[in-house]
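# Sequence plus the predicted model coming up.
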Amino acid sequence: MKDTQQTFLPARDVRTRYGVSDMSLWRWLRDVGLGFPQPLRINGRRFWKASQLEAWEASRPETQEAPNATS
């Protein structure tokens, strides 16, 4: 099992993980109420700790599909 405490993901991997664009990441970072983790900047590139992303995911409410209106 990988030690996610020390695993860092670049912005490209974070976008892929959540299926969002770079603009969405930018918005998430500026939305204080969302609580999305801030990245670590190294040579102008953004990296997120996998452990912080996992903690953020765990803090989010489960999403449910809308009930089928035709049934």
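Noted; the coordinates are in hand. Numbering: from 1, shown residues only.

# Name the residues of the host helix or strand of Q52 that are buried.
Assigned by DSSP states H and E, Q52 belongs to helix 50-59. Judged by neighbour count (16 or more other CB atoms under 10 Å), helix 50-59 contains these buried residues: 50, 52-53. For the C-beta atoms, the positions are set from N, CA and C on the backbone; glycine is no exception.

# so who does the spatially most central residue of the chain touch?
Nearest to the geometric centre of the chain sits L53, at 5.4 Å (CA atoms, centre = their mean). For L53, the contact set (CB atoms under 8 Å, 6 or more residues apart in numbering) comprises 9, 14, 17, 37.

# which of those count as buried?
Neighbour counting with 16+ other CB under 10 Å marks 9, 14, 37 as buried within the contacts of L53.

# Okay, the first one and K49: tell me how far apart.
Relative to K49, L9 is positioned 8 Å away (criterion: CB to CB, to the nearest Å).

# Which stretches in the chain count as strands?
Using DSSP state E, the strands of the chain run over residues 8-10, 40-42, 45-49.

# Present the ones you listed as CSV; the columns should include distance to P61 and mean pLDDT.
Compiled in CSV, the strands of the chain are given as follows (distance: least, CB to CB, whole Å; pLDDT from 0 to 100):
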stretch, distance to P61, mean pLDDT
strand 8-10, 23, 97
strand 40-42, 27, 96
strand 45-49, 21, 97
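
# Can you get me a residue count around the residue lying closest to V20 once chain neighbours are set aside?
Nearest residue to V20, sequence neighbours excluded (CB to CB, 6 or more residues apart in numbering): W28, at 7.8 Å. The tally of other residues near W28 (other CB atoms under 10 Å) stands at 16.

# I'd assumed L34 was in contact with W28.
Yes - look at W28 against L34 with CB atoms under 8 Å: they come within range, at 5.6 Å.

# now this protein, which segments are flagged as low pLDDT?
Scanning the chain for pLDDT under 70 picks out 1-5, 63-71.

# If anything else comes up later, I'll come back, but that's it for now.
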